[in-house]
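> need a 3D model of the sequence below.
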Amino acid sequence: MYSNIGHDVNALWKKFDAKVTEGFLVKRQQMHVSILSVGSFIGRLLSGMQYVLSELFQDQVLTSFLSGIGSDYLVKSLQASRAWCLVIAGGLFCIAQLCAVNIENPHFLGFVSGLSGLGYGFLFGVFPSIVAEAFGIHGLSQNWGFMTLSPVISGNIFNLFYGVVFDSHSIVGPDGDRTCPDGLDCYKNAYYVTLVASWFGIAVTLMTIRNQYRQRLNEEGKVAAED
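Residues are numbered from 1 along each chain as shown. Just a heads-up that it's a prediction; the model follows:
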């Protein structure tokens, strides 16, 4: 998203207003990169809110109320799977992709960059605790390191596909520069692919939650039988 938001800005603004200058486009690109970064920061902050609030407030009821989206609250208070946080992140990504395939007015492109950053930050804010819970605290750095390799592979694949879609709508000028006059159609199909990927991620996470629930019921049944 960081590498492609600039192309989104160019495509939408050049169709929306043919008189836009390069300086204006550069400022808009920088603005959306900033929105992404701020959204990522807020997402990471929200995912770890439980830890912050537990230090600020000694009242457990108040802490639980204010940190309702914290992964620790899901596990300790609701007895739910920490993976529900991944469903929330996936939902944010889905909304962002839906915005990307529908927004033609560049003034509203902030919804795409903001929601994408929020989902990204929330995902990477809660993932270390999920990895630690699944594989144990020992070897966390190694396991987390392998987990962070996945965006390197998938991110490059999605970027390449975005480039193929964008180039298929582009016109090559005499100087070799590529420009796309089609606005939203320049990149829309690429976001359909990432939307499907987001749905797939949510589906896999829900299957994992279901398996965890069944495993917990089996363990509780065994304990009850032993008692």
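> quick one: the helices in this protein?
Ranges of helices in the chain, per DSSP state H, are 5-16, 22-47, 49-56, 60-66, 71-76, 84-100, 110-135, 140-147, 150-168, 188-226.
> go through those and name the closest to residue 178.
helix 150-168 (6.5 Å; CB to CB). C-beta here means a position set from N, CA and C on the backbone, and glycine is covered the same way.
> buried residues, the closest one. List them.
Neighbour-count burial for helix 150-168 flags 158, 162, 163, 165, 166 (criterion: 16 or more other CB atoms under 10 Å).
> can you list contacts of it?
Identification of contacts with helix 150-168 by CB atoms under 8 Å, 6 or more residues apart in numbering yields 3-4, 7, 11, 178, 180, 186-190, 193-194, 197.
> which pair of those spans the longest distance?
So, the contacts of helix 150-168 by CB to CB: farthest apart are 178 and 197, at 25.5 Å.
> who's more crowded, the two?
Using other CB atoms under 10 Å, the more surrounded residue of residue 178 and residue 197 is residue 197, with 17 against 12.
> okay, now the unreliable bits of the chain?
Scanning the chain for pLDDT under 70 picks out 1-3, 47-80, 220, 222-227.
> mind putting the contacts of helix 150-168 into JSON lines with distance to residue 122?
Listed next are these as JSON lines, based on distance: CB to CB, whole Å:
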{"residue": "3", "distance to residue 122": "21"}
{"residue": "4", "distance to residue 122": "20"}
{"residue": "7", "distance to residue 122": "25"}
{"residue": "11", "distance to residue 122": "27"}
{"residue": "178", "distance to residue 122": "34"}
{"residue": "180", "distance to residue 122": "31"}
{"residue": "186", "distance to residue 122": "28"}
{"residue": "187", "distance to residue 122": "24"}
{"residue": "188", "distance to residue 122": "25"}
{"residue": "189", "distance to residue 122": "26"}
{"residue": "190", "distance to residue 122": "23"}
{"residue": "193", "distance to residue 122": "22"}
{"residue": "194", "distance to residue 122": "17"}
{"residue": "197", "distance to residue 122": "17"}
